[in-house]
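Enquirer: The amino acid sequence is not available; the structure is as follows:
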């Protein structure tokens, strides 16, 4: 019979998030006479029923702090599929019965010789005798009234350890867990990652450097280094220096000069916002801006903008010349 189960909730990087304990069964508090389980003795024709394994449901509870939730979400960002992998290190204390039932019978005094019969009757006593019965599982090792299978111990307490693995898939984490854990609600959008174009020109080489920088930005975001992630976007911003070629590429495939100017102007403004976390000297070369650090939302803004920009330019540059 399991007495108590407890354990630890551990992330895939080996960090302990919090202890795990059994949740109280409220139904048991309403009726104090509820029978939780039984520990039986062996030695009868019902042993097969007693020995049969039964399942018992255990409800576990893990209380997460704000810090542990943040670490869990950070580990999820490192996972290629965005899943949450964890391990439950469980420790269950179990009580097992070693008790054996001996078949004892009370014999009437009349079956014994007269001298013994008179003694038994004078004391109002009977004799208990052991007899082997084929219906029972086997001959008892001793005749103690409480037999511990050839020993005095008839109940044993042991500890059982088990490691269980679990996975919360990205879709379930985003839609079911994140709102409840206070991480927030998410709009999931699929942004195609840009691919490099054939090299050979200054623009294509600069585009390749920007693509490499995008991968480094992603690595910094996974590590939670928000300011460093923004700093890694510099090669992507350098791509905008070839403004004339970008305009030409965009205008060849559905854009016009006014739309291109508007797009490039807005992108430049966003990159200037990101540059506040990079430069220590303002545009006038004199004024030192306050020492500010990028936050998670800043890094994600610059990253998503960079992905969209590079994907747009790479896709347009890869298309054949319009006829």
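Expert: Perfect, thanks for sending it. Everything numeric in this text was worked out from a predicted model, so none of it was measured.

Enquirer: Identify the residue nearest residue 158 in space, chain neighbours excluded?
Expert: Distances taken as C-beta to C-beta, 6 or more residues apart in numbering place residue 94 nearest to residue 158, at 5.4 Å, with adjacent residues excluded. Backbone N, C-alpha and C define where each C-beta goes, glycine included.

Enquirer: and the closest residue to residue 220 other than its chain neighbours, what does it touch?
Expert: The shortest distance from residue 220 to any non-neighbouring residue, by C-beta to C-beta, 6+ apart, is to residue 229 (3.7 Å). For residue 229, the contact set (C-beta atoms under 8 Å, 6 or more residues apart in numbering) comprises 217, 220-221, 294, 299, 302-303.

Enquirer: Of those residues, grab the buried ones for ChimeraX.
Expert: Typed into ChimeraX, the line below selects the buried ones among these, using 16 or more other C-beta atoms under 10 Å:
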select :217,220,221,294,299,302,303
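
Enquirer: Restricted to helices, list the contacts of residue 229.
Expert: 217, 220-221, 299, 302-303 (DSSP state H).

Enquirer: what would these look like in TSV with distance to residue 178 and pLDDT?
Expert: Formatted as TSV, the ones in helices among the contacts of residue 229 follow (distance: C-beta to C-beta, whole Å; pLDDT from 0 to 100):
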residue	distance to residue 178	pLDDT
217	23	86
220	22	84
221	17	80
299	18	84
302	22	83
303	19	84
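
Enquirer: Among the residues you listed, which one lies nearest to residue 86?
Expert: Closest approach between the ones in helices among the contacts of residue 229 and residue 86, by C-beta to C-beta: residue 221, at 21.8 Å.

Enquirer: ok, the closest residue to the closest one other than its chain neighbours to residue 271 distance?
Expert: Spatial nearest neighbour of residue 221, excluding adjacent residues (C-beta to C-beta, 6+ apart): residue 229 at 4.9 Å. From residue 229 over to residue 271 the distance is 14 Å, taken as C-beta to C-beta, to the nearest Å.

Enquirer: Overlap in contacts, these two.
Expert: Contact criterion C-beta under 8 Å, 6+ apart; residues bridging residue 229 and residue 271 by contacting each: residue 302.

Enquirer: What's the mean pLDDT across the helix or strand where the residue nearest to residue 221 lies?
Expert: In this structure, residue 229 sits in helix 226-231 according to DSSP states H and E. Taken as a whole, helix 226-231 carries a mean pLDDT of 84.
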